[in-house]
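*Asks:* sequence and predicted structure are below.
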Amino acid sequence: MANKIEVIFLGTGSAVPTTRKNHPAILLKYKDENILFDCGEGTQRQFRKAGLNPCKLTRLFISHWHGDHVLGIPGLLQTLTLNNYPGTLEVYGPNGTEKFISKIMGIFVPRGEIKINIHEISAGKVLETNDFEIFAEEMEHNIFCLAYRFVEKDKLRIDKKKLKKLKLGNSPLIKELKNGKDVQINGKKLKYKLLTYFEKGKKLGFVLDTRNNPNVEKIARDADLFVCESTYFDEEELAKEYMHLTVAQAVDVAKRAKVKKLFLTHLSQRYDRDEKRVLQFAKKHFKNSEIAHDLMKIKV
């Protein structure tokens, strides 16, 4: 059975939060991994509201060092320290991340210690495990900014119907098949390809701040879930000036990139009471569109 990926929107607002929307932060849960993309002010409290234990956090990916995307880091680190965070927090971000984290740790007196491993990254593959890879692409913003793409690796699965006919039970031969090896059964050689199939891994894209540019589509390509900043509705000149995306641009990318599901986030506070109109427009142009809300949980 495929491993479910869960995405929890801890904060879906933009530079100015509202009563309903906290600053940006998105948690991705997969197996033993709890990966946080950005950490806006108040994120540690959003963990509590969502019923999540922040001490299970394994990695933090920072898109860029604007305040609305990172001002939750000091509080989160203090909470982890006070709760005797057991592991090493792996932090990934643009050049300068080590300097900024050092400054953050210097603005309060921590009670205890926390282990942090900092990776300063640029475009390309920035992480690979046995189960998944994470890629970064440079965005166009008024400071250096990255977007991220989570790619689950394809898995070799055993065809249970075919396996049942062979009556192998809990035979160690099953492990051999899972490892892509041919097996001998009753003196007969069986090729693993006849008893297995490849299950395609899931793809998720996270674009958290940018002006429209070709790399947005690279992050979104064939994504099962695409989370995209949509600060403005259809004011393209305003979006271009302040280096953000419009809802119209986000849905256009989703269509061209053949995305399965689009979640709009980082909407300006000006649309806080007018989201119905925004969503109607998005769905008209890309049916599988939704507006992300704080504490929303999605399984992929």
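*Replies:* Arrived safely.

*Asks:* from here on, contacts and neighbour counts on C-alpha atoms
*Replies:* Noted.

*Asks:* tell me the first helix or strand C-terminal of the helix or strand hosting I104.
*Replies:* Following DSSP states H and E, one finds I104 within helix 97-105. Where DSSP H and E defines the elements, the next helix or strand beyond helix 97-105 is strand 115-120.

*Asks:* for that next one, the averaged confidence score.
*Replies:* What strand 115-120 shows for mean pLDDT is 97.

*Asks:* quick check: angle from the helix or strand following it to strand 115-120?
*Replies:* Counting by DSSP H and E, the element after strand 115-120 in chain order, helix or strand, is strand 124-128. With axes from the mean of the first three to the mean of the last three Cα atoms, to 10 degrees as the basis, strand 124-128 and strand 115-120 are set at 160 degrees to each other.

*Asks:* ok, the nearest residue in space to T246 that is not next to it in sequence to F206 distance?
*Replies:* Spatial nearest neighbour of T246, excluding adjacent residues (Cα to Cα, 6 or more residues apart in numbering): Y232 at 4.5 Å. Taking Cα to Cα, to the nearest Å as the measure, Y232 falls 17 Å from F206.

*Asks:* domains for this structure, by residue range?
*Replies:* 6-154+200-299, 156-197 (automatic domain parsing).

*Asks:* just checking, D182 touches Y192?
*Replies:* Yes. Counting by Cα atoms under 8 Å, D182 does reach Y192; the two are 4.8 Å apart.

*Asks:* how far away from the center of its chain is stretch 102-116?
*Replies:* Distance of stretch 102-116 from its chain centroid, counting by Cα atoms, centre = their mean, to the nearest Å, is 26 Å.

*Asks:* show residues contacting it.
*Replies:* Stretch 102-116 is contacted from outside by 73-74, 77-78, 80-82, 84-85, 87-91, using Cα atoms under 8 Å, 6 or more residues apart in numbering.

*Asks:* buried stuff in that stretch?
*Replies:* Residues of stretch 102-116 classed as buried by neighbour count (16 or more other Cα atoms under 10 Å): I114.

*Asks:* same thing with stretch 90-106?
*Replies:* Neighbour counts over stretch 90-106 (16+ other Cα under 10 Å) mark E90, V91, Y92, G93, P94, T97, E98 as buried.

*Asks:* those residues in helices, which ones?
*Replies:* Of the buried residues of stretch 90-106, the ones assigned to helices by DSSP state H are T97, E98.

*Asks:* hang on, the earlier thing: which of the domains of the chain has the lowest average pLDDT?
*Replies:* domain 156-197 (a mean of 72).

*Asks:* quick one on the thing from earlier: okay, the contacts of stretch 102-116 in a markdown table with secondary structure next?
*Replies:* Formatted as a markdown table, the contacts of stretch 102-116 follow (DSSP: H, G, I helix; E, B strand; the rest coil):
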| residue | secondary structure |
| --- | --- |
| I73 | helix |
| P74 | helix |
| L77 | helix |
| Q78 | helix |
| L80 | helix |
| T81 | helix |
| L82 | helix |
| N84 | coil |
| Y85 | coil |
| G87 | coil |
| T88 | strand |
| L89 | strand |
| E90 | strand |
| V91 | strand |
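
*Asks:* out of the domains of the chain, deepest packed?
*Replies:* Highest mean neighbour count of the domains of the chain: domain 6-154+200-299, a mean of 19 (counted as mean count of other Cα atoms under 10 Å).

*Asks:* end to end, how far does that one reach?
*Replies:* End-to-end span of domain 6-154+200-299 (Cα to Cα): 4 Å.
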